[in-house]
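Participant: Sequence and predicted model, in that order:
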Amino acid sequence: MEVGLRIPGAGPNTTPENIVTVARWAEELGYHSAWISDHVALPEPEQVKSKYPYDSENQWRLPAETDWLDPFMVLAWAGAVAPSIKLGTSVMVLPLRNPVLLAKQLASLDFLTGGRVILGAGVGWMKEEFDIIGEPFKRRGARTAEMVELMRQLWTGEMVDYQGEFYQVSNCKMHPPAVQDSIPVVWGGHSDYALKRVARLGDGWHPTQTPMAQLADGIERLHRFCEEYGCDPASLTIIARPGPVYPINAETHARHQELGVDQVVVDPPLNDLGDCRAEMERIAKVCNLQPRG
């Protein structure tokens, strides 16, 4: 089983130097991939009425001045100093963006890094952020599905003629195309809507901050939806990111393997690089990662 990790890109310890340091450690210790989360512009937490799904009281608590770098900038910066690791978003809120511009950014990152991009995709939960940017919150799931269909056409470098409900693009090509045949799209989320999206349009499922029992239930439901939509479950990659919900140890590592998880993404303590390095070394030992170089 492969192991990735979240690198600095948000919070008080986000600096160019720390991104480079943690990315190089990941390369050295044998980690598979580096991941970064996504927000564009934030209101103060007391103004957020949307329910935050990863808090026990459904409250968003981070102040508006929290540092949050653009994911593509962070991944390009990290990818330049760690040439063996994959580069993923965990997760990018697609419907905050224009799909043609987003396709260009992803294809450019894939080109610059030699085909190492993984798009962890989500539809978002914070209506207030959509309001700030001026994108509609309603029907964002349907819009996001069209975005992925359109971007996959643009990444081929062939002539595009896409006529959807929300997006219409004709008589254009995007070059350079993505280095990969198609940038893999792994969907976040835990609802039936999210899992159906994986079965219909995904290359994998990327559940985040999910208890082990919920992870097992989600994989079982995903298999049922794969049967419904004619998708081979073996063609999908399961990338679990437990965050603070449970630790990575011998027991949870073995359970991941039993469930058929292909990769786990860990959140080391990024506020202290000494603690970060120690946790990266511990997890590398638990998961039997092979050092590089």
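Facilitator: Arrived safely, thanks for sending.

Participant: so when I look at residue 283, I'm seeing a strand, right?
Facilitator: No - assigned with DSSP: H, G, I helix; E, B strand; the rest coil, residue 283 falls outside any strand and is helix.

Participant: quick one: it and residue 3 touch, right?
Facilitator: Yes - counting by CB atoms under 8 Å, residue 283 touches residue 3, with 6.6 Å between them. C-beta coordinates here come from the backbone N, C-alpha and C atoms, glycine included.

Participant: Now the common contact residues for those two.
Facilitator: 266, 289 (CB atoms under 8 Å, 6 or more residues apart in numbering).

Participant: who's more crowded, the two?
Facilitator: residue 3 (24 against 21; other CB atoms under 10 Å).

Participant: Just confirm residue 71 contacts residue 9, I think it does.
Facilitator: Yes - with contact defined as CB under 8 Å, residue 71 reaches residue 9; the gap is 6.8 Å.

Participant: which residues are common contacts for these two?
Facilitator: 36, 37.

Participant: Spell out, range by range, the strands that occur in the stretch 151-293 of the chain.
Facilitator: 160-163, 168-172, 185-187, 204-205, 237-240, 263-266 (DSSP state E, counting those that start in this stretch).

Participant: for residue 102, helix, strand, or coil?
Facilitator: helix.

Participant: Begin at 52 from now on, thanks
Facilitator: Noted, 52 is the first residue going forward, which turns the last one into residue 153.

Participant: how about it, what does it touch?
Facilitator: 145, 198, 202.

Participant: Could you look over the strands of the stretch 202-344 of the chain and pick the most buried one?
Facilitator: Mean neighbour count (mean count of other CB atoms under 10 Å) peaks for strand 236-238 among the strands of the stretch 202-344 of the chain, with a mean of 25.

Participant: tell me what that strand is packed against?
Facilitator: Secondary-structure packing of strand 236-238 (3 or more CB pairs under 8 Å, 6 or more residues apart in numbering; DSSP states H and E): strand 168-173, helix 243-252, strand 255-256.

Participant: Give me whichever of those is most buried.
Facilitator: When these are compared using mean count of other CB under 10 Å, strand 168-173 is most buried, at a mean of 25.

Participant: could you measure the residue nearest to residue 102 when sequence neighbours are not counted against residue 165, distance?
Facilitator: In space, and not counting its chain neighbours, residue 102 is closest to residue 109: 4.0 Å by CB to CB, 6 or more residues apart in numbering. For residue 109, the distance to residue 165 (CB to CB, to the nearest Å) stands at 41 Å.

Participant: Could you name the helices and strands sitting against the lengthiest helix in the chain?
Facilitator: When the chain is parsed with DSSP state H, its longest helix is helix 263-280. Other elements packing on helix 263-280 under the criterion 3+ CB pairs under 8 Å, 6+ apart are helix 243-252, strand 255-256, helix 301-310.

Participant: Just say helix, strand or coil for residue 127.
Facilitator: Residue 127 - assigned by three-state DSSP - is helix.

Participant: so who does it touch?
Facilitator: Counting by CB under 8 Å, 6+ apart, residue 127 has contacts 160, 163, 164.

Participant: For these, which single residue is the most surrounded?
Facilitator: Going by other CB under 10 Å, residue 160 tops the contacts of residue 127 with 22 neighbours.
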